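Chemist: Take a look and give me a structure for this.
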Amino acid sequence: MSDNANSRELVRALDWRGAFWVAAGVPPLVLFSIGGIAGTTGQLAFVVWIISMTMGFLQSFTYAEIAGMFGNKSGGASVYGATAWLRYSKFIAPLSVWCNWFAWSPVLSLGCAIAAGYILNALFQIPAADSQAVVDWVAANASQFTAQTQSVIDYMAANAGIAEADAIKAVATQAGVEALTPAIRTWYLFKLEIAGFGTLQLNSVFFIGVILMLIIFAIQHRGIASTATAQKWLAIIVLVPLLLVGLVPILTGSINSANVLGFVPPTAAYSGVDATAWTLGGLTLFLGGLYIAAWSTYGFETAVCYTRELKNPKTDTFKAIFFAGLLCCVFFFLIPFSFQGVLGSAGMIAPGIVDGTGIGEALGNMLGGGKVVTQIFVILMILALFLAIMTAMAGSSRTLYQGSKDGWLPRYLTQVNENGAPTRAMWTDLGFNVFLLALASDVTGYFYVLAISNVGYIVFNFLNLNAGWMHRVDSGHVARPWKAPTFLIGLNTVLAFVNALFLGAGAKVYGTGHGTLSPLWAGLIFAALIIPVFIFRHYVQDGGKFPKGALEELGLKEGDLGERKAGMWPYVTLIAGAILVLWANWFFVLPS
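Modeler: Next up, the predicted model:
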């Protein structure tokens, strides 16, 4: 790498509006898990979204304060909060940055998996069981199926009491659907079982998803100003129709009150049947919904990832995260409520809603449109996914970049191209997500990846909400362009432990059947991978010292991590958080 490439820096090319538009990819994240949350929380789903979004908005005030302290850093709240932990343990700081990155980065693979599904549905549709083509196939091939056919015998054994003729018709229909399904929908290059994590599949979803990632990479290679411009127009094109979907059913009276007034959890995940009363199992499902919703609703904190690229970080940082938070409140309140009010519990757990590929059609139907309107919404869904993926790549790559600049992550991640884009961090993001895309190319794998990545997100969230009060104690002398009310710093510290409860109880709700490892333990193992990486960077490459300028905002010099004014309380906080997670994971159980 040339000296010129080494000396390049991120470019101050944004005002708060630019950072706001880059963060505008967060509202479409509601569509990533709207079906999954409805499946586990039933009629409580829209309440889950409102509670989670309210928590995310309150928590953002802590992030806004600490972001303002670091006008020369990029990478977001995890970087700014990590410095608070540095004087208490060198290993906690990189953990925060690493967890934030592997929480955000999978948006690339998950979004591309859904987008690939849309493209396949548009070009190579799987025929419906009642379509004319399937009916004609059954009529032409019905003689192949009799009461002695093994598949019919198996079907009758699995569906006790079914009439022989109905069983033959059902088996023949399924055979017709399989026969008429385009080969590309079932094709794969190869599959590979990975013990403890599931199956890697290089199939059509994988290859289309990789192409989409490369397109987004090419857009971001041109720098943050170009990315913000692209995001602005994508956001306008996508969010205005999405807002209409949230408002029109309410204004036209299309909301069925029966769909939103039953405040009890379902009897079991994806059962579609409401319980008659609250139980420990039902409460576990509810906490699981709050756990997975956090991955989407807290995400607008990415608005402070671009502090180093803001023209005036002292004033623009707070504006960017505040207005991004308000935007998210509108969408995360309206969309789940309208979806649930129109579709009901049964509609919300339809396969196309759960895996995301049928949401475009549902959006079109909610507005009472025909085929043309539905196709428009399918296209808008693909654009919405692009919007979310671009937000994720922009934010997560800068987290890697700043983590490297500050001496926590490998040195090679600091390279910036001629446009001020952190290209090596972007390539690392892309490579990591190629692997995840292979793992997430089916619905079970999709939610398994999501649940694992959210382990990292909650860990980051816990560390950074506590960083708010730690910075107040240890770095009270550092100027804060915007200072949060003290009661909010205290409240958000409490919410850090509420999130720890969600982690312990909720991680077991999603993806536990995909691999032998539960998402909680898989996520914690992945989080621990940063330890050997940091040891190599800090002690082998850097000789136990942090790079020059890593701590300059705190007024600390090289080799001086500052006085530990908070005493033992940061350690008490860590121990209490860990105990709460383990207790919640033991105490809360899924419905039997």
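Chemist: State the helix or strand in which the closest residue in space to residue 375 that isn't next to it in sequence lies.
Modeler: Nearest non-adjacent residue to residue 375, counting by CB to CB, 6 or more residues apart in numbering: residue 364, 7.6 Å away. C-beta: built from backbone N, CA, C; applies to glycine. Here residue 364, judged by DSSP states H and E, is contained in helix 359-366.
Chemist: and the spatially most central residue of the chain, what helix or strand is that in?
Modeler: Note on the chain: the residue nearest the mean C-alpha position is residue 295, at 4.6 Å, using CA atoms, centre = their mean. Assigned by DSSP H and E, residue 295 belongs to helix 280-297.
Chemist: average pLDDT across that helix?
Modeler: Average pLDDT, helix 280-297: 93.
Chemist: Can you give me the buried ones in that helix?
Modeler: Using 16 or more other CB atoms under 10 Å as the test for burial, helix 280-297 gives 281-282, 284-297.
Chemist: what packs against that helix?
Modeler: helix 30-41, helix 45-68, helix 313-348, helix 443-474, helix 486-506 (3 or more CB pairs under 8 Å, 6 or more residues apart in numbering; DSSP states H and E).
Chemist: again, only this time at 7 Å
Modeler: Where contact means 3 or more CB pairs under 7 Å, 6 or more residues apart in numbering; DSSP states H and E, helix 280-297 is packed against helix 30-41, helix 45-68, helix 443-474, helix 486-506.
Chemist: which residue ranges form the strands in the stretch 51-200 of the chain?
Modeler: Ranges of strands in the stretch 51-200 of the chain, per DSSP state E, counting those that start in this stretch, are 188-194, 198-203.
Chemist: Number of residues surrounding residue 548?
Modeler: By other CB atoms under 10 Å, the residues close to residue 548 number 10.
Chemist: What of residue 129?
Modeler: Neighbours around residue 129, by other CB under 10 Å: 13.
Chemist: and what of residue 130?
Modeler: Per other CB under 10 Å, the neighbour tally for residue 130 reads 8.
Chemist: residues touching it, list them.
Modeler: By CB atoms under 7 Å, 6 or more residues apart in numbering, the contact list for residue 130 is empty.
Chemist: pLDDT score assigned to it?
Modeler: pLDDT for residue 130: 83.
Chemist: Then the one 10 residues further on?
Modeler: Model confidence at residue 140, expressed as pLDDT, equals 90.
Chemist: what about the closest residue in space to residue 307 that isn't next to it in sequence, distance to residue 386?
Modeler: Setting aside the residues directly before and after it, residue 307 is nearest to residue 313 in space (CB to CB, 6+ apart), at 4.8 Å. In this view, residue 313 and residue 386 are 28 Å apart by CB to CB, to the nearest Å.
Chemist: Please apply the same query to residue 500.
Modeler: Applying CB to CB, the value for residue 500 to residue 386 is 34 Å.
Chemist: How about residue 320?
Modeler: According to CB to CB, residue 320 and residue 386 sit 21 Å apart.
Chemist: Which one's more surrounded, those two?
Modeler: Neighbours per residue (other CB under 10 Å) separate residue 320 from residue 386, with residue 320 holding more: 31 against 23.
Chemist: Please read off the pLDDT at the more buried one from the model.
Modeler: Predicted confidence (pLDDT) for residue 320: 85.
Chemist: Please apply the same query to the one 10 residues further on.
Modeler: Among the per-residue scores, residue 330 holds a pLDDT of 94.
Chemist: and the residue lying closest to it once chain neighbours are set aside, what element?
Modeler: The shortest distance from residue 330 to any non-neighbouring residue, by CB to CB, 6+ apart, is to residue 243 (7.2 Å). Assessed by DSSP H and E, residue 243 sits inside helix 224-251.
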